[in-house]
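K.L.:
Fold the following, please.
(chains A and B, ligands or ions: 2)
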Amino acid sequence: MSNPNAIVHIQDAHKVYPLGHTEVVALRGINLTIERGEFAAIAGPSGSGKTTLLNLIGCVDVATRGEVIVCGQATQTLSDTVLTRLRLLKLGFIFQSFNLVSVLDVFQNVEFPLLLQGKLSKAERKVLVESIIEKVGLTGQRGQRPAQLSGGQRQRVAVARALVTRPELVLADEPTANLDSETGERIIDLMRDLNHAEGTTFIFSTHDPKIMERADRLVHIADGRIVESTR
Amino acid sequence: MTTLLIALRNLIQGGRRTVLLAFALVLVTFLLIMLDGISAGLEATMIRSATTLSSGHVNIGGFYKVTAGQASPVVTEIPKLRALVAEKVEGVDFVIDRARGWARVVSETHSIWGALSGIDIDEERGLKDVVELLEGDFDALRADGTVMLFTGQAKRINAKLGDTLTLSAPTMGGVNNTVDVRVVAIARDVGFLSAINIFMPKNTVRQLYQMRDDASGAVHIYLKDESRAAEVSEALRPELAALDFRLMDVDPRPFWMKFETAAGEDWTGQKLDLTTWREEVSFLLWILTGFATLRWLLMTVIFVVIVVGIMNTLYISIRERTREIGTLRAIGMTRWGVRRLFLAEAILLGIGAGGIGALLGVATSLLVNAARIHIPMEAMQAIMMTDVVHLEVRGPDVALSILIITVVTAIAALLPANLAARLRPAGAIHHIG
Ligand SMILES: Nc1ncnc2c1ncn2[C@@H]1O[C@H](COP(=O)(O)OP(=O)(O)OP(=O)(O)O)[C@@H](O)[C@H]1O
Ligand SMILES: [Mg+2]
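P.N.:
Ligands and ions are numbered 1, 2, ... in the order given. This is a model prediction of the structure:
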């Protein structure tokens, strides 16, 4: 890896999904470097490979061919256990449909990754979780279950959950697609603020031109290839 | 901790599905406890009844043969035998001897065959606890020429308290002899055993058979620890031989089944026969075996249903929660973590429903015992050895039932939990539930 400041380095990555007797080529030779502290958007039409790319970067899937290096680790050589650990310690996730644990309340959802890490005491967790809940503006809702919250509030919980472990990199696959445009913009602003304040790297995908404008790095993909990359 | 919380809340969230499954588990545990209670109650009643009515823990019985072809259930030199027992056998609770006979019992209108037990009512210990008198009283059996009948027997020969019956049997010499007896007590039935056992004073049996005063039917030894019976019986053989008593060959059948063997052998005079209570009740063991088999069959069927039910429910639950599983895997939960989540659900369900079922089972057993429910069918009464339903509740059995249910649910959950753990996170996250 030439660039010491790179958090993601992808070289000639291909992803092929088997589909019955044929196969679907979702990514065909991706070359991409994301630096620490970047606020990057991946844009492209439906089926262009945005989700597939984020899955590779997020270590929930590995490339069929080529190299994906995340936080200094070449993911295709790692076991499921090591990839899980990498996700737990270094990455944060925000999903299009929020994906909160429906039976846990706001506080418990945000606390969950810390429990999986098992590094902090109960008191330490409480301080950390409460401060991040305050940052996303949900202190009043800390005891409520996801079903009692609006879409925007749910996505705020998801943002808090993704950031509570102070990850190096946060991945968000269309975080605003299920929100109205005003709420969506506020979520992006929240992410942007945290990016500025904590220096956390964000990579998110979107269809929405207004959301793309907020990014300081824009990667356009089409048909599994990067067609444009601007800063 | 959070695993348990999630599991518990998911169970609650499961609503009707959880309730149905829990209900099935409660029912199975309840059934298990009841079946345990019945079989343990049966065993306890059977052993207690058998060891009071027709056997000691160890019995020194025997046959006396005047001629080679005819055997009488008589043992002479009783005082010498009892002295030997007192001197040589350790751990004895108490010793009695009873005269034995096999005679026709004749009332004014009917007659039946009965196994006579000649007792000394003052020497008897367990009898008064096991046998419940409905009419008359035990003390009246002190007088010669009296008899106690069980209700079933009294009904069959149409005899009432105060009636006179005639006992008729061939003496040792081969001549027929009769003795008149008055019914002084009528007792509640005690199953099979009370159908043939008829109690009367020892002297009355002696009179019928024209036996000497030192003769009786058997010395019954009751031990403090009934499980030592075989060992004690084994140790008695050489002691008896040393005093020049002749012994029949070892034969693990009840005494009453050895008449033909004894009569068919070519000897005369006295031979002793040693038995333990297990041997005496061996002909009843099929009841316990049959019941145990029935219980296992039933449990197997029910368990298969439960296992299928749990697996099905969990598979549905996993399909509905695929996205959640994917999410948890993405944010760093290990495969083990996912497996634990589903196992915890099953185990919580098992312990909870099993606990409730056990509680219901124990409560019902206690209620049933307190209510002294009468067994309506005579055949059932005979098999159960009692005419009221008795369910024996044993702590370890109850704990074991809950454990079995929990283990079965956990095992049923293994496969679905494994499937959940093996879901690929990338695919699971985007699953549309
Ligand atoms: N699990 C899969 N099996 C087979 N083909 C897949 C799978 N996932 C994605 N694909 C295919 O790979 C291609 C890229 O899909 P991907 O989901 O990455 O696109 P996307 O840019 O995220 O689209 P969208 O904007 O609709 O979310 C598509 O042709 C899609 O059909
Ligand atoms: Mg997508």
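
K.L.:
Provide a list of residues in contact with the residue in chain A that chain B sits nearest to.
P.N.:
Per C-beta to the nearest C-beta, A:L88 is where chain A lies closest to chain B, at 2.6 Å. All C-beta spots, glycine's among them, are computed from the backbone N, C-alpha and C. Going by C-beta atoms under 8 Å, 6 or more residues apart in numbering or on different chains, A:L88 touches A:113, A:116-117, A:165, B:331-333.

K.L.:
and if you look at B:V85?
P.N.:
B:V85 touches B:60, B:92, B:95, B:219, B:221, B:236, counting by C-beta under 8 Å, 6+ apart.

K.L.:
Which strand or helix spans the residue of chain A closest to chain B?
P.N.:
If you go by DSSP states H and E, A:L88 is part of helix A:80-90.

K.L.:
I'd assumed B:I112 was in contact with B:N158.
P.N.:
No - in this structure B:N158 lies outside contact range of B:I112 using C-beta atoms under 8 Å: 10.8 Å.

K.L.:
any weak-confidence spans in the chain?
P.N.:
Just so you know, I chose chain A. Along chain A, the parts satisfying pLDDT under 70 run over A:1-2.

K.L.:
wrong one, I was asking about chain B
P.N.:
In chain B, residues with pLDDT under 70: B:1, B:375-388, B:431-433.

K.L.:
50 instead, please
P.N.:
B:433 (pLDDT under 50).

K.L.:
burial of the closest residue to B:P79 other than its chain neighbours, as a residue count?
P.N.:
Leaving aside its sequence neighbours, B:P79 sits nearest to B:D214 (C-beta to C-beta, 6 or more residues apart in numbering or on different chains; 5.9 Å). For B:D214, the neighbour count with other C-beta atoms under 10 Å in any protein chain shown is 12.

K.L.:
With neighbour numbers in mind, choose between B:N158 and B:I112.
P.N.:
B:I112 (17 against 11).

K.L.:
who's in contact with that one?
P.N.:
Contacts of B:I112 by C-beta under 8 Å, 6+ apart are B:104-105, B:153, B:156-157.

K.L.:
Going through the residues you listed, which ones are buried?
P.N.:
B:105, B:153, B:156-157 (16 or more other C-beta atoms under 10 Å in any protein chain shown).

K.L.:
any chance of these in CSV, with distance to A:F98 too?
P.N.:
As requested, these are exported to CSV (distance: C-beta to C-beta, whole Å):
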residue, distance to A:F98
B:V105, 88
B:Q153, 80
B:R156, 81
B:I157, 85
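
K.L.:
tell me which of those is nearest to A:S131?
P.N.:
Nearest to A:S131 among the buried ones among the contacts of B:I112: B:Q153, at 87.4 Å, using C-beta to C-beta.

K.L.:
Quick check on that closest one: phi, psi?
P.N.:
phi -60, psi -50 (degrees, to the nearest 10).

K.L.:
Just to check, B:G427 is in contact with B:G326?
P.N.:
Yes - at 7.2 Å, B:G427 and B:G326 qualify as touching, with contact defined as C-beta under 8 Å.

K.L.:
In terms of neighbours, single out the busier of those two.
P.N.:
B:G326 (23 against 14).

K.L.:
On the three-state scheme, B:T178 is what?
P.N.:
strand (DSSP: H, G, I helix; E, B strand; the rest coil).

K.L.:
Spatially nearest residue to it (excluding sequence neighbours)?
P.N.:
B:S168 (4.8 Å).

K.L.:
what ranges do the helices span in chain A?
P.N.:
With helices called from DSSP state H, chain A shows them at A:50-57, A:80-90, A:106-117, A:122-135, A:151-163, A:181-198, A:209-213.

K.L.:
next one: the stretch 1-150 of chain B
P.N.:
Using DSSP state H, counting those that start in this stretch, the helices of the stretch 1-150 of chain B run over B:2-13, B:16-53, B:78-88, B:127-130.

K.L.:
looking at those, which is closest to B:A358?
P.N.:
helix B:16-53 (5.4 Å).

K.L.:
helices and strands around the helix or strand B:E345 falls within, which ones?
P.N.:
According to DSSP H and E, B:E345 maps onto helix B:335-371. Identification of packing neighbours for helix B:335-371 by 3 or more C-beta pairs under 8 Å, 6 or more residues apart in numbering or on different chains; DSSP states H and E yields helix A:80-90, helix B:2-13, helix B:16-53, helix B:285-320, helix B:322-330, helix B:395-422.

K.L.:
How far does stretch A:204-220 sit from its chain's centre?
P.N.:
Its chain's C-alpha centre lies 14 Å from the corresponding centre of stretch A:204-220 when counted by C-alpha atoms, centre = their mean, to the nearest Å.

K.L.:
That one: end-to-end distance?
P.N.:
The first residue of stretch A:204-220 is 12 Å away from its last residue (C-alpha to C-alpha, to the nearest Å).

K.L.:
helices or strands next to the lengthiest strand in chain B in the packing?
P.N.:
Counting by DSSP state E, the longest strand found in chain B is strand B:92-106. With contacts taken as 3+ C-beta pairs under 8 Å, 6+ apart, strand B:92-106 sits against helix B:78-88, strand B:111-119, strand B:164-170, helix B:202-209, strand B:218-223.

K.L.:
Enumerate every residue touching B:V250.
P.N.:
B:V250 makes contacts with B:L274, as judged by C-beta under 8 Å, 6+ apart.

K.L.:
make it 10 Å
P.N.:
B:233-234, B:237, B:273-275, B:279 (C-beta atoms under 10 Å, 6 or more residues apart in numbering or on different chains).

K.L.:
Give me the subset of those residues lying in helices.
P.N.:
For these, secondary structure assignment (DSSP H) places B:233-234, B:237, B:279 in helices.

K.L.:
Now, of the residues you listed, which are buried?
P.N.:
The buried subset of those - by 16+ other C-beta under 10 Å - is B:233, B:279.

K.L.:
Of the ones in helices among the contacts of B:V250, which is the nearest to ligand 1?
P.N.:
B:E279 (72.2 Å; C-beta to the nearest ligand atom).
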